[in-house]
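Q: give me a 3D structure for the following:
(chains A, B, C and D)
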Protein chains: 4
Amino acid sequence: MIIAIKQGVPEEKIRLFAANLEKQGVQVHFSEGVSQTVLGLVGDTADIDADALSAHHLVEKVIRVQEPYKRANRKVRPDDTSVSIAGRDGAVHRIGGGFFGVIAGPCSVETQEQIVSIAQAVKKAGAGFLRGGAFKPRTSPYSFHGLGAKGLDLLLEAKKATGLPIVTELMDMQRLDLFNDVDVIQVGARNMQNFSMLKELGRCKKPILLKRGYAATFTELLMAAEYIMAGGNNDVILCERGIRTFETYTRNTLDISAIPALKRQSHLPVIVDPSHAAGLSWMVPALSKAAVAAGADGVIVEVHDNPEKALCDGEQSITPAAFAELMKTLEKYTELEGKRLA
Amino acid sequence: MIIAIKQGVPEEKIRLFAANLEKQGVQVHFSEGVSQTVLGLVGDTADIDADALSAHHLVEKVIRVQEPYKRANRKVRPDDTSVSIAGRDGAVHRIGGGFFGVIAGPCSVETQEQIVSIAQAVKKAGAGFLRGGAFKPRTSPYSFHGLGAKGLDLLLEAKKATGLPIVTELMDMQRLDLFNDVDVIQVGARNMQNFSMLKELGRCKKPILLKRGYAATFTELLMAAEYIMAGGNNDVILCERGIRTFETYTRNTLDISAIPALKRQSHLPVIVDPSHAAGLSWMVPALSKAAVAAGADGVIVEVHDNPEKALCDGEQSITPAAFAELMKTLEKYTELEGKRLA
Amino acid sequence: MIIAIKQGVPEEKIRLFAANLEKQGVQVHFSEGVSQTVLGLVGDTADIDADALSAHHLVEKVIRVQEPYKRANRKVRPDDTSVSIAGRDGAVHRIGGGFFGVIAGPCSVETQEQIVSIAQAVKKAGAGFLRGGAFKPRTSPYSFHGLGAKGLDLLLEAKKATGLPIVTELMDMQRLDLFNDVDVIQVGARNMQNFSMLKELGRCKKPILLKRGYAATFTELLMAAEYIMAGGNNDVILCERGIRTFETYTRNTLDISAIPALKRQSHLPVIVDPSHAAGLSWMVPALSKAAVAAGADGVIVEVHDNPEKALCDGEQSITPAAFAELMKTLEKYTELEGKRLA
Amino acid sequence: MIIAIKQGVPEEKIRLFAANLEKQGVQVHFSEGVSQTVLGLVGDTADIDADALSAHHLVEKVIRVQEPYKRANRKVRPDDTSVSIAGRDGAVHRIGGGFFGVIAGPCSVETQEQIVSIAQAVKKAGAGFLRGGAFKPRTSPYSFHGLGAKGLDLLLEAKKATGLPIVTELMDMQRLDLFNDVDVIQVGARNMQNFSMLKELGRCKKPILLKRGYAATFTELLMAAEYIMAGGNNDVILCERGIRTFETYTRNTLDISAIPALKRQSHLPVIVDPSHAAGLSWMVPALSKAAVAAGADGVIVEVHDNPEKALCDGEQSITPAAFAELMKTLEKYTELEGKRLA
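A: Alright, predicted model coming up:
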């Protein structure tokens, strides 16, 4: 951490300030110029509150050099993390570390027939995981909010029928006990900074699919992962799902650079949600291919057997047939990248 | 709601599509052009899922004309809502409907001495409400997260000492029972779309201070208010606290237009948080005055007796002396606007 | 300027790197920590290319502490700049340094009758300057692009009739000779970084009204002013006119914090364009008042005698009657701020 | 174009309004509902000013259904446009229509030796075009602004030595006569809405590489292309180079969705600038591959033989060796996409 002192501050005041900083367990180095003194803080600065320092009347500017996250940091763990989930089909499904995970399924679970038939279709096409929403975050209190506990039951039916591990979203901690048989718990973009939830998920033994908030920086996403990891749960899968910008043709703007950026800063796997990013089903194949090419460890794709009648987000879902086509293409792209579809 | 049909669709298909729409309880009117047919949907379209419609293969574009919120809509209730809170000092404190409410206090409650002395100072200067954080949302799991239940106790001590009603943030529903003696419950920007929390607050009998998410549109903020109101709680105070943009000089960008925009669309009171908006204490007076001038119904200001030693957000807090100065200025501005400081 | 060196670089390499930097005319100070060395550059670092430095293989991060602008910097000139223009009416019209300038008129000059009658109306209401577009930047090549040279003639007629100095936009340097009798040359938001134009305007003897690009940072705006000032023209008026964000209810988002931010960093006057910022005529009064309250030195307002028939931007224009009302309100607000309407 | 009329307007007023609209050469169709009347405008609505209409007192909302661009519209020309340039090496270099063009070279032309050696290196690696800046747009008036006319001469030397067609940026029309031997004229992001320049380039016979402004929507980019095409020049190459968002880790945010979005709306070729998009050389390969995968027709890449000593933008340049590696990878990706490197 670097602290630029305001111009014209007498040296003894700076010495006193530095002495106070050293009491917080860091070493302070001086760089005195003609017009400006700069302090370099060395040691574990993660606990030092940069905001509070900025308010000090001697301080002009505070600059962090070290990343504020530790467990999610690639410097701490240089090798890629690979998250493994044992399916009921005996297979082990993996995301990260050379394995490209494909998670597919409908936005919302609607009926047993729907979820089982989609599960069978995406499994046949090569998907490794089944997704489906039981509890749905919706902008309007008057929209369809998912089947709830009944939806979870139907997902488990589909798991039984296909063996695919299931991925579904948790909206509040009071429902956590319903998620015992869920394989991967999804934290939605709107809950990425629901810190109470993140803390509790840190105590949970399941992999967490953590979606980037639509206005969250890379650092904020990694700090959200850090919340979970600080509790002892290291199985966090990061998911880029589009950010909010001025462009309105697409629902959000897929930040493709998030993939190389996050993978350079962290060892955690990074997947992409092309369906929510654009909100346009015809764009899903192009964005999925781009995700592989940019280094992603997986994709999560909305598939619906009748997008026109989907109870939510039909505009962004592709049909099982289109998904099967997409899988063939992704196979070629992952091969080029030296990854295995898992 | 208006639906533009794709070019070249045969009329009988459009008739069939329209008939299906009418089964959902709306009337459909036709506008047939040479190259394009446009359908106008009349009736209660709030329940119609625009996303699902957009996915239909006959549809080119869906445009909402009616607002998706009902109870928060000024068309439903033309007069300003005024939220009243009885203080322990016998006075009734109001926000909205001609009353300009000033909420002041520290970012975090730190000690009994700190919170009581700040409460006395802001009361003396003319504030109507005391704010203070007991549960603090922080980006890092390693930062100070507030005193928790102990912090709430200290706030209640300050309320006893000054009579000021208190405003404090709720971070998860499991703690709601601790908030019995809190006067106004704050929903933070990061929880603005925590729909589970919003639903439960709808069943609660206390006024809710709802902060705009830092990337939320006006419509999304009003829909979040609608969640609370749909549960029967009409005492919602909207708060503009800055949005995330490309500009980094200020922490966020105060969207001053939010005030006239929200007040035109809704009858709910709108207040401004100049402290979080800019993150710079020296900017608080200018932004507070601008808020009054733009038509706001109040401000929420961070005040700390020693900003340099504040345990969080010191950079944006002003001292009690600066706050007393600010109150004198706001008195003149609110008078110009024909409002009463409350 | 501060340079953080990568971890593990041997000292002699750093010494060599620093010696090379000193050849560029700056002093280098060292701050050596256990894990990281930080260099502080002292002296005139405005010419040092931070981008090039960032690419150096020893460098982890480069941080500018000093502002990259000189002549526009308040540190160089602590007192407010006041731009004065002698009108044909004998009066001296001022913007900045305690004078609040009001510039009013139609988006486009349409006919002699229109521009003269609007000029008379806004003068009567108290405006100090007449605006009007002769050359109009339009998104579409098929829209009305202004009357061109003929429009300038009509503006001069209106100037003759009322004595008001005129403000109008220059779109390319080839037309500069037509602007001899124009009093203030406007650089539009889309040309804020047309560096060739800025350079030539630096050699011009007229005040320049420089609009902030809709995605330009404060620093970029000040650097654009610096281009003009570097050529010897110090009469630059900065104009905040809204930035592009995710919110679509307003055409742009008025960045009200730009006023205190720019005025703290620079001595140049700062005015606000409430008409383009929101694109909604009913919002102009609220935003104009907020501009005064936040410390602006003026406003530029679109006034049209028949907004519904305006050839461009009718949606954001107010009528002469509404403008006269607005002036009465602004008088009270500028008085509160200790400024004189000019 | 669709016009929603305000509620409660009497029918005869609407009829009168519609009659006036029909005088502007369009047909008006009515859709009358219980509470709202909607008008559908049919015919050539490109000349109708939606802003002016929005200001009309009867109008609640105006919605464009038709795109405002004609010549750039894929509906007008369903087949991909392919831009061809004859190189001095006898080869024809193409971008679009199945040909993937690679443009490579330094940010700035510095010396003859530099530009010729880079040109030879990128040609050997398989690039089809040489880029290099002679006139450089720089944020600061005190930075290096390119060698100017001398730089153009050096580019022509490199063209003579290698036969590669050259691509370089024009910053103002007064210099256009110097560009006679340039093969492709680049319009920089900051000049994307320099409408005077766009108009003149419409009369020019050379292909134009049009960069997307960093806060321009897809529609605005296509309208800028329309300006050029309206003048008779159809050889426009669109270039996505990153947009400005809240994320600061990358210099800009590459909007990968721009590729499928622009190609669906327009027949013009779309290329990507991965160097400026991220501003980080190590990210160039990942983003280039993603560009191919998303359907781009080419890339423009900064290559410098000594990025650490580059006079500008060194941070984002890759070495000739890294470029040669990249070309091998792009060959495999373009093959998968069924495109030929050109």
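Q: longest helix of chain A?
A: If you go by DSSP state H, chain A has its longest helix at helix A:320-336.
Q: does that one come close to chain D?
A: Yes - residues of helix A:320-336 are located near chain D by C-beta under 8 Å from any C-beta of the partner chain, namely A:332-333, A:336. C-beta coordinates here come from the backbone N, C-alpha and C atoms, glycine included.
Q: same list, those, but as CSV with distance to A:Lys61 please.
A: As requested, those are exported to CSV (distance: C-beta to C-beta, whole Å):
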residue, distance to A:Lys61
A:Lys332, 50
A:Tyr333, 44
A:Leu336, 45
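Q: just the buried members of those?
A: When the residues of helix A:320-336 next to chain D are checked for burial by 16 or more other C-beta atoms under 10 Å in any protein chain shown, the buried set is A:333, A:336.
Q: tell me which of the residues of helix A:320-336 next to chain D is nearest to chain B?
A: Checking these against chain B by C-beta to the nearest C-beta gives A:Tyr333 as the nearest, at 26.4 Å.
Q: so for the closest one, what's the nearest residue that isn't a sequence neighbour?
A: The shortest distance from A:Tyr333 to any non-neighbouring residue, by C-beta to C-beta, 6 or more residues apart in numbering or on different chains, is to A:Val292 (4.1 Å).
Q: look up how far B:Asn191 lies from that neighbour.
A: 35 Å (C-beta to C-beta, to the nearest Å).
Q: what does A:Phe179 give?
A: A:Phe179 is 21 Å from B:Asn191, by C-beta to C-beta.
Q: would the strand or helix carrying A:Met197 count as contacting chain B?
A: Assigned by DSSP states H and E, A:Met197 belongs to helix A:195-202. Yes - using C-beta under 8 Å from any C-beta, helix A:195-202 reaches chain B at A:195-199.
Q: who's in contact with the nearest residue to A:Arg203 once chain neighbours are set aside?
A: With C-beta to C-beta, 6+ apart as the criterion, A:Arg203 has its nearest non-adjacent residue at 5.1 Å, and that residue is A:Gly231. Neighbouring residues of A:Gly231 by C-beta atoms under 8 Å, 6 or more residues apart in numbering or on different chains: A:199-203.
Q: got the contact list for A:Lys263?
A: Contacts of A:Lys263 by C-beta under 8 Å, 6+ apart are A:80, A:270, A:295.
Q: please report phi then psi for the residue positioned nearest the centre of chain A.
A: In chain A, the residue lying closest to the centroid (C-alpha atoms, centre = their mean) is A:Leu238, at 2.8 Å. Main-chain torsions, A:Leu238, degrees, to the nearest 10: phi -80, psi 150.
Q: touching, it and A:Arg212? I think so.
A: Yes - the pair A:Leu238 and A:Arg212 qualifies as a contact (C-beta atoms under 8 Å) at a distance of 7.1 Å.
Q: who touches both of the two?
A: Joint contacts of A:Leu238 and A:Arg212 (C-beta under 8 Å, 6+ apart) are A:Leu221.
Q: quick one on the thing from earlier: and for the longest helix of chain A, what's in contact with it?
A: Contacts for helix A:320-336 (C-beta under 8 Å, 6+ apart): A:100, A:102, A:104, A:118, A:121-122, A:124-127, A:281, A:284-285, A:288-289, A:292-293, A:299, A:301, A:303, A:305, A:318, A:340-341, D:293, D:332-333, D:336.
Q: in helices only, show me those.
A: Those of the contacts of helix A:320-336 lying in helices (DSSP H): A:118, A:121-122, A:124-125, A:284-285, A:288-289, A:292-293, D:293, D:332-333, D:336.
Q: give me the buried subset of these.
A: Buried among the ones in helices among the contacts of helix A:320-336 by 16+ other C-beta under 10 Å: A:118, A:121-122, A:125, A:284-285, A:288-289, A:292-293, D:293, D:333, D:336.
Q: just to revisit the earlier point, excluding chain neighbours, give the residue nearest to the residue nearest to the centre of chain A in space.
A: A:Val270 (4.8 Å).
Q: could you verify my assumption that the one you found touches A:Asp255?
A: No - using C-beta under 8 Å, A:Val270 is not in contact with A:Asp255; the gap is 11.2 Å.
Q: any bit of stretch A:25-32 sitting next to chain B?
A: No - legend: contact between stretch A:25-32 and chain B by C-beta under 8 Å from any C-beta is lacking; minimum distance shown is 13.1 Å.
Q: can you check stretch A:173-180 too?
A: Yes - against chain B, stretch A:173-180 shows contacts by C-beta under 8 Å from any C-beta at A:173-174.
Q: how far does that stretch stretch from start to finish?
A: 13 Å (C-alpha to C-alpha, to the nearest Å).
Q: quick one: A:Val167 from chain B, how far?
A: Per C-beta to the nearest C-beta, to the nearest Å, A:Val167 is found 19 Å from chain B.
Q: and for A:Val303?
A: For A:Val303, the distance to chain B (C-beta to the nearest C-beta) stands at 13 Å.
Q: which ones are touching that residue?
A: A:104-106, A:118, A:121-122, A:317-320, A:323.
Q: narrow those to just the buried residues.
A: Among those, those buried by neighbour count (16+ other C-beta under 10 Å) are A:104-106, A:118, A:121-122, A:317-320, A:323.
Q: from those, which is closest to D:Leu262?
A: Nearest to D:Leu262 among those is A:Ile318, at 21.2 Å by C-beta to C-beta.
Q: specify the beta-bridge partners of the closest one.
A: A:Val303 (DSSP bridges).
Q: and the helices in the stretch 101-250 of chain A, which stretches?
A: A:112-125, A:149-162, A:195-202, A:218-230 (DSSP state H, counting those that start in this stretch).
Q: tell me which of the ones you listed is the most buried.
A: Counting by mean count of other C-beta atoms under 10 Å in any protein chain shown, helix A:218-230 has the highest mean neighbour count of these, with a mean of 24.
Q: so A:Lys75 lies in a helix, does it not?
A: No - according to DSSP: H, G, I helix; E, B strand; the rest coil, A:Lys75 belongs to no helix; its state is coil.
Q: before we move on, the earlier item: if you rank the contacts of A:Lys263 by neighbours, which is first?
A: A:Val270 (26 neighbours; other C-beta atoms under 10 Å in any protein chain shown).
Q: quick check: A:Val292 vs chain B, distance?
A: 25 Å.
Q: I misspoke; the intended subject was A:Leu152.
A: A:Leu152 sits 16 Å away from chain B, taking C-beta to the nearest C-beta as the criterion.
Q: and that residue, what does it touch?
A: Counting by C-beta under 8 Å, 6+ apart, A:Leu152 has contacts A:134, A:168, A:178-179, A:182.
Q: if we can go back for a sec, now the longest helix of chain A: buried residues?
A: Counting neighbours by 16+ other C-beta under 10 Å, helix A:320-336 gives A:320, A:322-324, A:326-327, A:329-330, A:333-334, A:336 as buried.
Q: where's it relative to the chain centroid, distance-wise?
A: 23 Å (C-alpha atoms, centre = their mean, to the nearest Å).
Q: angle of it against helix A:284-293?
A: On the basis of axes from the mean of the first three to the mean of the last three C-alpha atoms, to 10 degrees, helix A:320-336 is oriented at 20 degrees to helix A:284-293.
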